[in-house]
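> please work out how this folds:
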Amino acid sequence: MKTIAKLAGLFALGAAAAVTPAAASSVCLNTHYIQNTHVVDAKTILFKMKDGTVWRNDLRASCTGLLFRGFTYRLNYDELCDDGQSIRVLTTNQVCMLGSFTKQAPAHHI
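Presented below is the predicted three-dimensional model:
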């Protein structure tokens, strides 16, 4: 009887682990493959890759300087990663934080 109780307990633990959501993995864009960018609004930037793929980034907060000026980023490696990497507006030096990257439908052109 103790064996059945132990097996039931282990099964319950295994079932609970199966429904625990895994941490979402970051999306990183290799900067050598970014063809161009398009600022949609103060919170949205589209990154068009050389292969035609378009990635949308929804910034963590509004970045008003983006609407009228370009931006730059500093990298330790050749990757621009979502959720926490910063960009800087060229003329105002406003720092804005990237949010999540979302792959866009193929028909979306910039």
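
> C-alpha from now on. contacts and neighbour counts both.
Fine.

> strands of this structure, start to end?
Along the chain, counting by DSSP state E, strands occupy 28-30, 34-41, 44-49, 54-58, 71-72, 79-81, 86-89, 95-97, 101-103.

> make a markdown table out of these and add mean pLDDT.
Formatted as a markdown table, the strands of the chain follow (pLDDT from 0 to 100):
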| stretch | mean pLDDT |
| --- | --- |
| strand 28-30 | 95 |
| strand 34-41 | 94 |
| strand 44-49 | 96 |
| strand 54-58 | 97 |
| strand 71-72 | 91 |
| strand 79-81 | 93 |
| strand 86-89 | 93 |
| strand 95-97 | 94 |
| strand 101-103 | 95 |
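
> between those, which gets nearest to Gly65?
Closest approach to Gly65 among the strands of the chain (Cα to Cα): strand 86-89, 6.2 Å.

> re the thing from before, nearest to Thr64, out of the strands of the chain?
strand 34-41 (8.3 Å).

> mind listing what's buried along that closest one?
Burial within strand 34-41, assessed by neighbour count using 16 or more other Cα atoms under 10 Å, is assigned to 34, 37, 39.

> shouldn't Val40 be in contact with Phe47?
No: counting by Cα atoms under 8 Å, Phe47 is not a contact partner of Val40; they are 10.6 Å apart.

> how many neighbours does Arg88 have?
As a burial measure, Arg88 scores 19 neighbours (other Cα atoms under 10 Å).

> how about it: what's its closest non-neighbour residue?
Nearest non-adjacent residue to Arg88, counting by Cα to Cα, 6 or more residues apart in numbering: Val95, 4.6 Å away.

> residue contacts, that neighbour?
Each residue near Val95 by Cα atoms under 8 Å, 6 or more residues apart in numbering is listed here: 63, 86-89.
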